[in-house]
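> I would like the atomic coordinates for the input below:
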Amino acid sequence: VAQLEGSLSENRNQLKAIQQHVDGLMQDVMDRTMKSSDDEAALTSLARQVQQEQQELEQLQLEKEKLEKAASLALKRSEERSSKKQSLQYGYEEEQSQLAQ
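Residues are numbered from 1 along each chain as shown. From the prediction side, this is the model:
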């Protein structure tokens with residue numbers, strides 16, 4: 001009987017050790033699950049942020065294209081005015097030259 005009681009006590013101690021090990025493993029799984037959930041939330045947040053930044057970049061690209069078009073048009077108009085001014089200046093000089101003769 002004493003030998004059985006000793007064996008039973010030893011089995012109980014082993015069972016406690018196994019239970020503590022299982023509890024530790026369960027806690028580790030829970031921690032990893034929480035970390036995974038946190039990682040997933042962070043990833044979702046980053047994906048939203050990237051999407052928002054892409055939309056902002058597309059808007060900036062459209063604005064840039066509009067500004068480039070406006071600048072090109074303004075430059076063309078300026079060149080046309082300069083050309084007209086030169087033509088007028090040349091015409092004026094021709095007229096002055098003919099009047100001087």
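
> how distant is the strand or helix carrying L73 from the center of its chain?
L73 belongs to helix 2-100 when assigned by DSSP states H and E. Offset of helix 2-100 from its chain centre (C-alpha atoms, centre = their mean, to the nearest Å): 0 Å.

> mean confidence for it?
Summarised as a single mean, pLDDT over helix 2-100 is 93.

> count of neighbours near S72?
Neighbours of S72 under the rule other C-beta atoms under 10 Å: 10. Using the backbone N, CA and C atoms, a C-beta is placed for each residue, glycine as well.

> how much space is there between it and E65?
Separation of S72 from E65 (C-beta to C-beta, to the nearest Å): 11 Å.

> ok, now R81?
25 Å.

> swap in E58?
11 Å.

> and if you look at S9?
Distance from S9 to E65, by C-beta to C-beta: 83 Å.

> what's the answer for L8, then?
Distance from L8 to E65, by C-beta to C-beta: 84 Å.

> try S87
33 Å.

> and if you look at Y92?
Taken as C-beta to C-beta, the span from Y92 to E65 is 40 Å.

> same check, this time on V22
In terms of C-beta to C-beta, V22 sits 64 Å off from E65.

> Over to S97?
Counting by C-beta to C-beta - S97 and E65 are separated by 48 Å.

> ditto for E80
23 Å.

> distance of G24 from A17?
Distance, G24 to A17, using C-beta to C-beta: 11 Å.

> which residues do the two both contact?
Counting by C-beta atoms under 8 Å, 6 or more residues apart in numbering, no residue touches both G24 and A17.
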